[in-house]
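[1] model this:
(4 chains)
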2 protein chains.
Amino acid sequence: MATKAGVTAREIEVFDRFTAQRGLRHSRPRRDILCTFLDEDRHLTADEILRLARRRNPRVGVATVYRTMKLLTESGLCRELRIEDGAVRYEHLFGHGHHDHLICSQCGRLEEVVDPAIERLQDRLCEQKGFVADHHRLEIYGRCRTCAGFRKTPPRQRSVRRGESR
Amino acid sequence: MATKAGVTAREIEVFDRFTAQRGLRHSRPRRDILCTFLDEDRHLTADEILRLARRRNPRVGVATVYRTMKLLTESGLCRELRIEDGAVRYEHLFGHGHHDHLICSQCGRLEEVVDPAIERLQDRLCEQKGFVADHHRLEIYGRCRTCAGFRKTPPRQRSVRRGESR
DNA sequence: TATGATATTGATAATCTTTATCAATATTCA
DNA sequence: TGAATATTGATAAAGATTATCAATATCATA
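    Got it, this is the predicted structure:
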């Protein structure tokens, strides 16, 4: 999954370098949001990040969440994920190579996967088409091992419908 | 590309069967929106469809565009496309098998591609992971043949930023 | 063809997400 | 410390999509 909780020292270092380079200052809200994001494995929405960040610091505002997540994206620590349900989620990038996603339509779980053979074929495809690839996104929708199995109690239901976060 | 302009008879037939099955009625606005969508090759946003539909019938409203596009999606004639810029676009599905996309970040052009070998490897990957795939989306971002080449005049610039349609 | 039941529409309000504004505050450096 | 200015949070604003609802159009039936 995403970055392990607690192992955030190097991410913070990366972010510090990024801010220094841009002449940005250190601020409490920014740090709170960063740590909230780093401590959580799941792919969170802006609203989820806001709620969690407010547990650390109730004064954090929405705008700062969006501002900070934009900075994190620019610093290469995270990436926006737009899946079929229309929700935008933020995903950890540091310490991860590129990866694709298996998305369970039933429980909403996202599994990160990489298949070098697929990557190679994609490169070949682009070559054939004269297309200079920069990056790509592959999402496979279906049912995860758990949900697909014949279990009596499916894992925690999580709607993947739009507006579910509220 | 998408469906050729004019070749819409069978799509209309498909939609008629769909509406009949659901006990829906025929209406002028619905037909105008359907034809607008079918006649256009590009991947249009709801707003673009609205504008074009109003050329045929100035009384068409926004809500009806969204309602109709939802019906078209359910009938299998189109699919929502969410690319990185955040815009939602509608794409033709009828007469198309599944396909992936090469998206030019410079001119905004979308090329539809299929690579059976990639599809096979994806199936294999899912098998390995115990994932029961239903469908998938692959988008490769970069520069198309034209934009990547050393041409003096790049093709019609089309911003791919959010809110560009307005 | 007239008619009644009801599907459909368009205008508009409402909702949700994200961004812009701006005065107040916090940070940094000399 | 104090001045310069980056940052913040509240809130307004913007954009996209959906819900509401009275007016209208469609269609089966008489």
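
[2] Return the distance of the spatially most central residue of chain A relative to residue A:115.
    Centroid-nearest residue in chain A, with Cα atoms, centre = their mean: residue A:91, separated by 0.9 Å. Remark: distance between residue A:91 and residue A:115 (Cβ to Cβ, to the nearest Å) = 18 Å. Where C-beta positions appear, they are placed from N, C-alpha and C, glycine not excepted.

[3] For chain A, which segments are assigned as strands?
    A:44-45, A:78-82, A:88-92, A:100-104, A:110-113, A:132-143 (DSSP state E).

[4] Tell me which of these lies nearest to residue A:23.
    Closest to residue A:23 of those is strand A:78-82 (Cβ to Cβ; 21.4 Å).

[5] Strand partners (parallel or antiparallel) of that closest one?
    strand A:88-92 (antiparallel) (DSSP bridges).

[6] how far out from the middle of the chain is the partner strand?
    3 Å (Cα atoms, centre = their mean, to the nearest Å).

[7] So, low pLDDT: which residues of chain A?
    Confidence mapping of chain A against pLDDT under 70 gives the ranges A:1-7, A:150-166.

[8] show me where it has helices.
    Taking DSSP state H as the test, the helices found in chain A are A:9-22, A:28-39, A:46-56, A:62-74, A:116-129, A:145-148.

[9] tell me the most buried of those?
    Ranked by mean neighbour count, the helices of chain A are led by helix A:28-39 with a mean of 20 (mean count of other Cβ atoms under 10 Å in any protein chain shown).

[10] got a list of contacts for that helix?
    A:3, A:5-6, A:8, A:11-12, A:15, A:44, A:49, A:52-53, A:56-57, A:59-61, A:64-65, A:68-69, A:71-72, A:78, A:90, A:92 (Cβ atoms under 8 Å, 6 or more residues apart in numbering or on different chains).

[11] For residue A:121, see how far away the residue of chain A most remote from its centre is.
    What lies farthest from the middle of chain A is residue A:128; by Cα atoms, centre = their mean that is 31.4 Å. To residue A:121, residue A:128 is 10 Å away according to Cβ to Cβ.

[12] try residue A:36
    Residue A:36 sits 38 Å away from residue A:121, going by Cβ to Cβ.

[13] coming back round to it: thought the residue nearest to the centre of chain A was touching residue A:83?
    No - at 10.5 Å, residue A:91 does not count as touching residue A:83 under the criterion of Cβ atoms under 8 Å.
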